[in-house]
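> heads up, no residue letters with this:
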């Protein structure tokens, strides 16, 4: 039986592209020896391995195995072949090996990233093991030649949650193909004809373009963005891949904050002692109702991931949750929620002042909020407004008077909150009308706090380590130090329409270990609307964190930051929560982003604290007398603040000495004895 296709199919469009097939595949005859971590053998958690039926040309039109590579005309270099996988279930993993197959075995590396995010180099360490299919054959081309087939096992350390789609691409040397150049080959198969487990096969093959875009391709009908109309062969195909990982058991979810429903003095029967109440804001159009809320602070100094935030309301549809660290921005918290009808301990539902009974609902918001003990978090209930006479009433949030509730009322401070339409958090004492919400407006004859219960995964007791320390200076502080002053802030100033560039620096961990960074700490006199961008030096820079805590601090001399003009400004310690795998010896760049403020006729960007290492009097790891800025074109620019050397602003002198951005990096070390749980702690 004859397979009717040629060795290379070339399509002429605005850009010449060729889909190249070398038919073949293998079943891994040998496992990679010695690749497992000592602590726990990685499991095969995703299996779209080699086909075991309809192999090579003897299968005729039923052939299952194929290889794909991109062919380009110079100076365009070949695109990278790849695919994706999604781990099943709802657990968390650390991927240790990604296995693919190819007839190439030299000079390979693997690129990857979460679908929709940046794709970057993830591995250049691998083993190439010659293998054959179950029929003991090598890979056979359409022309009939047999080529050696290699099982390529890339060693990685990638935290990944189930349900998240991860894309990967094989990179390697290109080879001449006529007057063109052909890229690396990646083995694939048609799922229906393969005869083996083909998890996640979706009839779509991927290519990574030189512009960093991921392109899709249906090899049977040419659908997709890779090469529209280009047909590869007479069937669909997916790249073969096996993923080995260490499952990370999620920590038990516990009730870590309890200001739940009252259990005494319920409804109108309690008279003046009534404990339970609901609050909602009423506004006249076009003003929309403000959002009711409150705050909580988890006890202790541990680390948590809030998984469920429970409130109560007589509303149940169209709800949403907003929240954020007190003093920081309040935003919509990604969530889903469940609604459960409940009653009080006396079996009654909620009773209005007029005597009507309304159904009461327990609203459980499923969230994923990293939060440290001792940090105050504010939350607000959002929902549809309903007519109230000629006005409109917003979502209703259940509250109670702590003293008469008869139940645990953690953190009750006699203050209810509202989130205004301008994003400001307003306070209200419902008994006296004190606060910023509606001064003098009395709600009822007692104070109240919103009822809330918080369930979280409590991190293992192993603390994160300070692995890089270029913290605040402790000597020669502010103007009193005169020419020896060590502390400074830098920000970029631009004239519209150019927006200010982002100040930053870099750090490199010592030694040869692997880490997962959990906190990047910087300092600034800015504290609102911040985010952090970062990436490995030489790679793309992207947003890495918008969740942070801002804590007002002073220097060792108890002073805040002093400007050259002598004014004192509040100084904030900004702790960004991240989850970044990083190996020792790899330089990582970071940049602070925040709102621009007017500076005469120009605009000044976020300010980042720095110091001169020699004058600082404190540990100044990695100080290299170079400050960085991230330009609007994505380029990283260098600056010596004393000489003006570098690419940022050649010849521009900042002050009479060098400076480096102050930063502390907290991380957990990964080794053969530990794996990490949900980005917070390593579990032995």
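Yes, it's here. For clarity, every value in this text was computed on a predicted model and none was experimentally measured.
> Can you spell out the domain ranges of this protein, please?
Domains of the chain are assigned by automatic domain parsing as 8-248, 253-458, 465-670.
> Turn those into JSON lines, including mean neighbour count and mean pLDDT.
(Each C-beta comes from the backbone N, C-alpha and C, glycine too.) JSON lines is the format used below for the domains of the chain (neighbours: other C-beta atoms under 10 Å; pLDDT from 0 to 100):
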{"stretch": "domain 8-248", "mean neighbour count": "19", "mean pLDDT": "86"}
{"stretch": "domain 253-458", "mean neighbour count": "18", "mean pLDDT": "94"}
{"stretch": "domain 465-670", "mean neighbour count": "18", "mean pLDDT": "94"}
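> So for this structure, the centremost residue is which one?
residue 544 (6.3 Å; C-alpha atoms, centre = their mean).
> Please enumerate the helices of this structure.
Remark: helices assigned in the chain by DSSP state H are 191-194, 402-405, 613-616.
> Off-centre distance for the first one?
Pointing back at helix 191-194 there. 35 Å (C-alpha atoms, centre = their mean, to the nearest Å).
> So that it lines up with my notes, have the first residue be 588 from now on.
Taking 588 as the first residue, the last one we looked at is helix 778-781.
> what helices or strands is it leaning on?
Other helices and strands packing on helix 778-781, by 3 or more C-beta pairs under 8 Å, 6 or more residues apart in numbering; DSSP states H and E, are absent; none qualifies.
> residues in contact with that helix?
For helix 778-781, the surrounding residues in contact (C-beta atoms under 8 Å, 6 or more residues apart in numbering) are 635, 638-641, 646, 649-652, 785, 788, 790, 822-823, 825.
> still on that earlier bit, dump the residue contacts of the nearest residue to the residue nearest to the centre of the chain once chain neighbours are set aside.
Distance criterion C-beta to C-beta, 6 or more residues apart in numbering; nearest residue to residue 1131, sequence neighbours excluded, is residue 1121 at 4.5 Å. Counting by C-beta under 8 Å, 6+ apart, residue 1121 makes contact with 1107, 1128-1129, 1131, 1167, 1175-1178.
> Show me the beta-bridge partners of residue 1121.
On the basis of DSSP bridges, residue 1121 is bridged to residue 1129, residue 1177.
> what sits against residue 1032?
Listed by C-beta under 8 Å, 6+ apart, the contact set of residue 1032 reads 859, 1018.
> among the contacts of helix 778-781, which are in strands?
Mapping the contacts of helix 778-781 onto strands (DSSP state E) picks out 635, 652, 825.
> Same list, those residues, but as a markdown table with distance to residue 940 please.
Putting the ones in strands among the contacts of helix 778-781 into a markdown table (distance: C-beta to C-beta, whole Å) gives the following:
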| residue | distance to residue 940 |
| --- | --- |
| 635 | 62 |
| 652 | 74 |
| 825 | 63 |
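> can you tell me which of the residues you listed lies nearest to residue 1162?
When the ones in strands among the contacts of helix 778-781 are compared for distance to residue 1162 (C-beta to C-beta), residue 635 comes out closest, at 40.4 Å.
> Look up how far residue 688 lies from the closest one.
11 Å (C-beta to C-beta, to the nearest Å).
> Need the overlap of contacts for those two.
Residues within reach of residue 635 and of residue 688 at once, by C-beta under 8 Å, 6+ apart, are residue 827.
> Looking at the contacts of residue 1121, spot the one nearest residue 1215.
Of all those, residue 1176 has the smallest distance to residue 1215: 6.3 Å, by C-beta to C-beta.
> how near is the closest residue in space to that closest one that isn't next to it in sequence to residue 1256?
In space, and not counting its chain neighbours, residue 1176 is closest to residue 1093: 4.5 Å by C-beta to C-beta, 6+ apart. Using C-beta to C-beta, residue 1093 is found at 20 Å from residue 1256.
> likewise residue 1111?
Taken as C-beta to C-beta, the span from residue 1111 to residue 1256 is 28 Å.
> give the contact list for the residue lying closest to residue 972 once chain neighbours are set aside.
Take residue 972 and drop its neighbours on the chain: the residue closest to it by C-beta to C-beta, 6+ apart is residue 979, 4.2 Å away. Listed by C-beta under 8 Å, 6+ apart, the contact partners of residue 979 are 869-872, 875-876, 972-973.
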